[in-house]
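Enquirer: Could you work out the structure for the sequence below:
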Amino acid sequence: MRNGCATDPLEQEACACLAGAYEALGDDRRALPLYKRSTALRDSLFGQANATIITRIEMDHDFEQQQLADSLTEAKRRVEVEMQHQAEVAEEREARNIALFSGVAILALAGGLWSRLRYMRRSRARIQRERDRSDQLLLNILPGPVAQELKDNGSAQARDFEYVTILFSDFKGFTQISETMSAQELVGELHACFMAFDGIITARGIEKIKTIGDAYMCAGGLPDPSTSNPAEVVHAALEMQAFMEARKKESEAAGKPAFQMRIGLHTGPVVAGIVGMKKFAYDMWGDTVNIASRMESCGEAGKVNISEATYALVNMAKVVKEGKEVPAFTFEPRGKVQAKGKGELEMYFVEHGVEK
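Expert: Purely as a prediction, here's the structure:
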């Protein structure tokens with residue numbers, strides 16, 4: 001046997017063999033100690049084996065625990081990383097959604113504002129068109145300055161004018177000729193003539209006052225005295241007669257009845273303005289209006305009859321024609337003519353007019 005090797009398996013086997021041999025020889029005294037020694041060694045070896053197993057189990061357990069702890073730590077780290085990633089993704093998604101929503105909201109707002117702007121522009125344009133139409137209708141009734149005063153103040157003051165040249169026209173034999181025409185033909189003929197007259201006087205800055213039946217009335221020198229002068233009104237009268245002469249030839253060529261017209265002019269002071277609140281019209285008052293009417297009624301068809309006052313203002317008018325200064329008008333003195341309610345008045349036919 002070897003001393004100090006109590007846990008040596010060889011010693012345990014040797015003791016067991018010797019114990020068995022002595023027992024076989026019947027030497028129990030020697031076999032018993034060896035048997036005990038073998039048993040002790042066996043128990044020692046078993047204990048060492050158990051200790052080794054237990055140690056191994058403990059080591060394996062510790063290793064597994066460490067691995068589990070490491071796994072849990074790694075899993076926790078991964079969870080934290082995943083959670084952080086998800087948080088970042090959610091934050092990015094939220095930011096993207098906010099940006100998208102903001103963009104859509106801005107586009108919707110911009111679209112709404114643009115639509116509103118277009119609506120406002122169309123509304124303003126429509127309102128402006130209606131205002132322009134109303135202004136034009138008002139200007140067809142009233143002179144520009146009077147219309148503006150009426151719009152600004154709700155009323156317009158009547159004014160005195162020192163020199164106004166009034167033109168009256170009337171169709172000779174209107175009642176008899178109108179009886180040979182239908183109502184539509186009559187109105188159409190009046191409309192054509194008055195439209196032509198409107199164009200003539202508008203081009204010369206003369207203000208249309210009114211029409212009464214077949215009578216046409218206009219005036220120069222108001223509401224702004226600088227817009228026209230007596231000579232312009234005389235030229236307009238000659239132009240109106242020229243139009244009527246041309247239309248008479250056309251009507252006769254077509255076998256239709258034709259109108260002939262008298263025109264009378266007078267210059268003097270008047271009061272002009274509007275009166276009333278409904279269907280108001282610009283009109284003039286004063287003896288000048290009456291005398292101008294007498295000039296028309298005392299005239300002849302196809303002629304322009306003027307008063308002495310108008311003659312005094314235009315008979316010296318000159319124009320330059322082909323480098324020479326010539327009279328603007330030629331006249332036929334009529335002498336004193338009896339005028340209803342006015343006695344005898346000096347009158348003149350304007351035979352011809354010359355313009356630049």
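Enquirer: The helix or strand where Trp114 lies - what's its average pLDDT?
Expert: Assigned by DSSP states H and E, Trp114 falls within helix 28-141. Summarised as a single mean, pLDDT over helix 28-141 is 81.
Enquirer: Just list what that helix packs against, helices and strands only.
Expert: Applying 3 or more Cβ pairs under 8 Å, 6 or more residues apart in numbering; DSSP states H and E, one finds that helix 28-141 makes contact with helix 9-25, helix 144-153. Yep, even glycine has a C-beta here, placed from its N, CA and C like the rest.
Enquirer: ok, the residue nearest in space to the middle of the chain to Gln136 distance?
Expert: In the chain, the centroid-proximal residue (Cα atoms, centre = their mean) is Arg121; its distance is 1.6 Å. From Arg121 over to Gln136 the distance is 22 Å, taken as Cβ to Cβ, to the nearest Å.
Enquirer: do Leu313 as well
Expert: 33 Å.
Enquirer: try Ala110
Expert: 38 Å.
Enquirer: same check, this time on Cys15
Expert: From Cys15 to Gln136 the distance is 143 Å (Cβ to Cβ).
Enquirer: Quick check: buried residues in stretch 286-295?
Expert: Gly286, Thr288, Val289, Asn290, Ile291, Ala292, Ser293, Arg294, Met295 (16 or more other Cβ atoms under 10 Å).
Enquirer: Which ones among those lie within helices?
Expert: Among the buried residues of stretch 286-295, the members falling in helices (DSSP state H) are Thr288, Val289, Asn290, Ile291, Ala292, Ser293, Arg294, Met295.
Enquirer: returning to what we had before: and Leu313 and Gln136? which has more neighbours close in?
Expert: Leu313 (18 against 10; other Cβ atoms under 10 Å).
Enquirer: mind listing what the more buried one touches?
Expert: The contact partners of Leu313, by Cβ atoms under 8 Å, 6 or more residues apart in numbering, come to Tyr163, Thr165, Asn229, Pro230, Ala231, Thr267.
Enquirer: Domain ranges for the chain, per the record?
Expert: 9-74, 142-353 (automatic domain parsing).
Enquirer: Quickly compare the ones you listed and say which is most buried.
Expert: Ranked by mean neighbour count, the domains of the chain are led by domain 142-353 with a mean of 17 (mean count of other Cβ atoms under 10 Å).
Enquirer: re earlier: what's the farthest-apart pair in the buried residues of stretch 286-295?
Expert: Gly286 and Met295 (14.6 Å; Cβ to Cβ).
Enquirer: residues touching the residue nearest to Ala196 when sequence neighbours are not counted, list them.
Expert: Distances taken as Cβ to Cβ, 6 or more residues apart in numbering place Phe243 nearest to Ala196, at 5.1 Å, with adjacent residues excluded. Applying Cβ under 8 Å, 6+ apart to Phe243 gives the contacts Cys193, Ala196, Phe197, Ile200.
Enquirer: What helix or strand is the second one located in?
Expert: Going back to what we said before, that points to Ala196. Secondary structure (DSSP H and E) places Ala196 in helix 183-203.
Enquirer: Now do that helix: everything it contacts.
Expert: 169, 178, 181, 207-208, 211, 214, 216, 218, 236, 239-240, 243-244, 247, 259.
Enquirer: The closest residue to Phe280 other than its chain neighbours bridge partners, please.
Expert: The shortest distance from Phe280 to any non-neighbouring residue, by Cβ to Cβ, 6+ apart, is to Ile274 (4.5 Å). Assessed by DSSP bridges, Ile274 has beta-bridge partners Tyr282.
Enquirer: Quick check, Ile274 in contact with Gly154.
Expert: No - applying Cβ atoms under 8 Å, one finds Ile274 not in contact with Gly154, separated by 11.8 Å.
Enquirer: and Glu58, how far is that from Gln67?
Expert: Taken as Cβ to Cβ, the span from Glu58 to Gln67 is 15 Å.
Enquirer: sorry, that was for Asp170
Expert: Distance from Asp170 to Gln67, by Cβ to Cβ: 128 Å.
Enquirer: Ok, Thr175 next?
Expert: 131 Å.
Enquirer: so is Gly276 in a helix, a strand, or just coil?
Expert: Following DSSP: H, G, I helix; E, B strand; the rest coil, Gly276 is assigned to coil.
Enquirer: what are the phi and psi values for it?
Expert: With angles defined as degrees, to the nearest 10, Gly276 sits at phi 90, psi 180.
Enquirer: ok, now the one 5 residues further on?
Expert: Torsion angles at Ala281 (phi, psi; degrees, to the nearest 10) stand at phi -140, psi 150.
Enquirer: right, and it touches Asn140 too?
Expert: No - with contact defined as Cβ under 8 Å, Ala281 does not reach Asn140; the gap is 10.9 Å.
Enquirer: ok so, going back, weakest of the domains of the chain by average pLDDT?
Expert: domain 9-74 (a mean of 78).
Enquirer: quick one: which of the contacts of Leu313 sit in helices?
Expert: Pro230, Ala231.
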